[in-house]
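**Student:** My questions are about this predicted structure, shown below with the sequence.
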Amino acid sequence: MKVVIIGGGWSGVAAAISSKKAGADVTVIEKTDLLLGLGNVGGIMRNNGRYTASEELIALGGGELIEITDRVSTHTNIEFPGHKHATLYNVNMIEGEVSKYLTTLGINLMMESRVNNVKFEKGKIKGVYLSDDTYIIGDVFIETTGTTGPMGNCLRYGNGCSMCVLRCPSFGPRISISGRCGVSDIQGETNNDALGAMSGSCKLAKESLSKELRNELDSKGVVVLKVPLEDVNYDKLSTKVCQQYALKEFAENIILLDTGHAKLMTTYYPLHKLRKIKGLENAKYVDPYAGSKGNSIRYLSVAPRTNDLKVTGVDNLFCAGEKSGLFVGHTEAICTGTLAGHNAVRLALGLPLLILPSSIAIGDLITYANEKARTREGRKDRYTFAGSSYFKRMKELNLYTTDINEIREKIKKINLDNIFNQKLC
C-alpha cells in the first residue's frame, strides 16, 4: 500500500515513520528544501505536560523523534517563567538528523515539490498534482500542511509577510488539501473577533549579543532581561499563538532561550527598542527577517476530523499537526502525526482505526481539542500540553506526571505498550 504525506513538518515526518513501521510504502511531499517547518526555529521540548506526553509516546512505541531531539539538545531541565524541566534542542542540527533518519528507513522524500491540486472522485483522493504537473497516486493520504500561509493571510490578518522560515515567496503558497476535496475548514479566532493568531517567537543571532549575555546563555540556557517601563506592551500577549507564553512576565521581560540561536520569546519586537536594552545594542534578527514588525499568522485552515484523525467527508484522508486542531507545539504535532500514520495503514488494510483513550494525555488532548473546536469560544483557545487551559486540565485530571515508570505502567494497563512499533502487514 502507498501512503502519501503532504507536508514535511514535525507531524508529517512523524506520520511517515509510523506508517513505514506499520508496513507501508511512504512518500513525503514537502514544498521547501527543509523538513520540520517551524521545527527549524522552535527548539523547546519536554516543558510542563509535554514531558508526560513525550514519555507516553515513547511507551506507545513512537518515540524516535523525541529521542532525536533529546540527543541534539543544548540544555536539559531548564526553567523559565511558567515552565519547568524544559529541554532545548539545537535548531541548527535537528533537520539534518531527522532527514538522515527518514532516509535510513527507506522513506521517499520529495523535496521542493508543492502540491497544488487533487484528483477527488466518489469520496476518495485518487492522487495529487504537483506544481510541475507531476501526478502522484496513493492509497491513503495524510495532510500535514500546517495552517500558515499563503502570504495574503499574513498581510490580511497580521503585519504583512515577515519573511519567516516557511519562505512562501521562494517556495510558493500552501493549499488546503481538505479544502480542495470540498471540505469546509475550521478557522481559529481571537478574543478580538479576528481570525488566526501570530506565531510565538523570533530568533536573534547569538553573535549579535554582548559577550556577557552569550556566556550566560551558553551556561544557563536562559536569560531574562527587564523591558524598559515605557516599552512594556501587555496587549501584544493576546495576539500570540502560544498562549502558554502569554504571561505578563513575557511582556515585562525579554526572555531568551539558547536553541542554537537566541530564541526571543515574543511575536515581534521593534529593533530600535530592543537595542535600548543592555547587552542587545547590536541585536540582529535571524528569523523572521522582519522580526521588528511581526511574525507569521496561523490557524486559518484546520480540517474537521474524528478522533482517529480521519478527515470528515473524505474516505482516505487523515490529518495531523495544526491541520488536525488548534494545537501548539512540536510534541503535539509529533503525537498526532504518529497516530495518523499508524491509522492510515489500518485503513488501507481494513482494520479498525485506533482512538487513543482519554485516560492518557495524548488521547485526551486529541479528543478535547476536537470537542472545543465545535464551539466559538473553543475556537478562541489553543491546546498544548505546555500550558494555558489544557495544561490546567491535565493537572485536574491527574494526567500530568514526570514519573516515567508510572507512565509506562499506565500504557501497559490499557494494552497499548509498543503499539506504534507493530508491523501490520
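**Tutor:** Looks like it came in fine. Residues are numbered from 1 along each chain as shown.
**Student:** residue ranges with poor pLDDT in the protein?
**Tutor:** Applying pLDDT under 70 to the chain flags residues 240-243.
**Student:** just so I have it, where are all the helices in it?
**Tutor:** 10-22, 49-59, 64-71, 94-104, 151-157, 168-171, 177-180, 211-220, 249-252, 271-274, 330-349, 361-372, 388-396, 404-413 (DSSP state H).
**Student:** Including mean neighbour count and distance to Val3, could these go into JSON lines?
**Tutor:** (C-beta placed from N, C-alpha, C; glycine too.) Formatted as JSON lines, the helices of the chain follow (neighbours: other Cβ atoms under 10 Å; distance: least, Cβ to Cβ, whole Å):
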{"stretch": "helix 10-22", "mean neighbour count": "30", "distance to Val3": "4"}
{"stretch": "helix 49-59", "mean neighbour count": "25", "distance to Val3": "20"}
{"stretch": "helix 64-71", "mean neighbour count": "20", "distance to Val3": "17"}
{"stretch": "helix 94-104", "mean neighbour count": "16", "distance to Val3": "13"}
{"stretch": "helix 151-157", "mean neighbour count": "18", "distance to Val3": "29"}
{"stretch": "helix 168-171", "mean neighbour count": "16", "distance to Val3": "23"}
{"stretch": "helix 177-180", "mean neighbour count": "22", "distance to Val3": "14"}
{"stretch": "helix 211-220", "mean neighbour count": "14", "distance to Val3": "41"}
{"stretch": "helix 249-252", "mean neighbour count": "18", "distance to Val3": "40"}
{"stretch": "helix 271-274", "mean neighbour count": "15", "distance to Val3": "44"}
{"stretch": "helix 330-349", "mean neighbour count": "28", "distance to Val3": "5"}
{"stretch": "helix 361-372", "mean neighbour count": "21", "distance to Val3": "20"}
{"stretch": "helix 388-396", "mean neighbour count": "18", "distance to Val3": "29"}
{"stretch": "helix 404-413", "mean neighbour count": "15", "distance to Val3": "25"}
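**Student:** Put together TSV for these, with distance to Gln422 on each row.
**Tutor:** Listed next are the helices of the chain as TSV, based on distance: least, Cβ to Cβ, whole Å:
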stretch	distance to Gln422
helix 10-22	7
helix 49-59	14
helix 64-71	15
helix 94-104	20
helix 151-157	40
helix 168-171	36
helix 177-180	27
helix 211-220	42
helix 249-252	42
helix 271-274	50
helix 330-349	9
helix 361-372	17
helix 388-396	27
helix 404-413	14
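**Student:** for those helices, which one sits closest to Ser113?
**Tutor:** helix 168-171 (9.7 Å; Cβ to Cβ).
**Student:** So the closest residue to Leu88 other than its chain neighbours versus Glu281, what's the distance?
**Tutor:** Leaving out its chain neighbours, the residue that sits closest to Leu88 by Cβ to Cβ, 6 or more residues apart in numbering is His75, at 4.6 Å. Taking Cβ to Cβ, to the nearest Å as the measure, His75 falls 25 Å from Glu281.
**Student:** between the helices of the chain, which gets nearest to Leu34?
**Tutor:** Short answer: helix 94-104, nearest of the helices of the chain by Cβ to Cβ, at 5.3 Å.
**Student:** and the angle for the closest one with helix 64-71?
**Tutor:** 140 degrees (axes from the mean of the first three to the mean of the last three Cα atoms, to 10 degrees).
**Student:** Show residues contacting helix 94-104.
**Tutor:** Helix 94-104 is contacted from outside by 13, 16-17, 28, 34-36, 39-40, 64-65, 68-69, 71-72, 109, using Cβ atoms under 8 Å, 6 or more residues apart in numbering.
**Student:** same thing but at 7 Å, please
**Tutor:** If you take Cβ atoms under 7 Å, 6 or more residues apart in numbering as the criterion, helix 94-104 is touched by 13, 16, 34-36, 39-40, 64-65, 68-69, 72, 109.
**Student:** May I see the domains of the protein written out as residue ranges?
**Tutor:** Domain ranges of the chain: 2-193+297-421, 197-287, per automatic domain parsing.
**Student:** What's the end-to-end length of the shortest one?
**Tutor:** Here the two ends of domain 197-287 are set 18 Å apart, with distance taken as Cα to Cα, to the nearest Å.
**Student:** How far away from the center of its chain is it?
**Tutor:** Counting by Cα atoms, centre = their mean, to the nearest Å, domain 197-287 is centred 21 Å from the centre of its parent chain.
**Student:** Tell me, how many residues neighbour Tyr234?
**Tutor:** A count of nearby residues for Tyr234, using other Cβ atoms under 10 Å, gives 11.
**Student:** residues contacting Gln187?
**Tutor:** Gln187 neighbours (Cβ under 7 Å, 6+ apart): 195, 299-300, 302.
**Student:** got CSV for those, with distance to Ser219 and neighbour count too?
**Tutor:** Formatted as CSV, those follow (distance: Cβ to Cβ, whole Å; neighbours: other Cβ atoms under 10 Å):
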residue, distance to Ser219, neighbour count
Leu195, 42, 15
Tyr299, 36, 27
Leu300, 40, 23
Val302, 41, 25
